[in-house]
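Visitor: Give the three-dimensional model of this entry:
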Amino acid sequence: MAGRSEHSIRTPASRVRSLGSAKHGTETFMLERLTSVALLILVIYIVAIVIRLVGEPRDVVLGAIGSIYVAPALIAFIFVNCIHMRLGMQSIIEDYCHATVLKSFLMIANWLFCWAVALFSFFAVLAISFR
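Guide: Here you go, the predicted structure:
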């Protein structure tokens, strides 16, 4: 049997169906950790802005959100948060949902929900910035 290990722990059926390591677990794990660190930095910045704006009139708050120092940070926060949210829910779905059709539906719904939240949030920040 040239080219194939004699001591493979995979069954013949799993080799035919290409079951086994998906080769993306480490990438997802590292991306979750990277987004966590980015969110930690962004949350500190956003919380500092919110604390500064507590009690301010609406026009001051809208002006701050639309400023060149806050709007990009909010957009980055939204983008990174939605990626982190999608990855977290993806891990939960993969770990706890075993029905193939349901898992596929939930993965698509997760992806659509996360990007819908991101798009609506982006447009909200942009609408405030360019009002």
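
Visitor: so where is the protein shaky, pLDDT-wise?
Guide: Applying pLDDT under 70 to the chain flags residues 1-8, 10-24.

Visitor: Isn't Val117 up against Cys82?
Guide: Yes - at 5.8 Å, Val117 and Cys82 qualify as touching, with contact defined as C-beta atoms under 8 Å. Placement of C-beta: from N, CA and C, glycine included.

Visitor: neighbour-wise, which of those two wins?
Guide: Cys82 (20 against 15; other C-beta atoms under 10 Å).

Visitor: now the more buried one: how far from Ile68?
Guide: To Ile68, Cys82 is 22 Å away according to C-beta to C-beta, to the nearest Å.

Visitor: what does Asp95 give?
Guide: Taking C-beta to C-beta, one finds Asp95 at 42 Å from Ile68.

Visitor: again, but for Ser36
Guide: For Ser36, the distance to Ile68 - C-beta to C-beta - is 27 Å.

Visitor: for Phe123, same thing?
Guide: Distance from Phe123 to Ile68, by C-beta to C-beta: 18 Å.

Visitor: Skip the chain neighbours and tell me the closest residue to the residue most central in space within the chain.
Guide: When C-alpha atoms, centre = their mean is applied to the chain, the residue found nearest the centroid is Ile83 (1.5 Å). Computed as C-beta to C-beta, 6 or more residues apart in numbering, the closest residue to Ile83 that is not its neighbour in sequence is Thr35, at 5.5 Å.

Visitor: Likewise for Met89?
Guide: Using C-beta to C-beta, 6+ apart, the nearest residue to Met89 is Asn110, at 4.7 Å.

Visitor: tell me the secondary structure for the residue nearest to the centre of the chain?
Guide: What DSSP: H, G, I helix; E, B strand; the rest coil gives for Ile83 is helix.

Visitor: Thanks again, I'm all set now.
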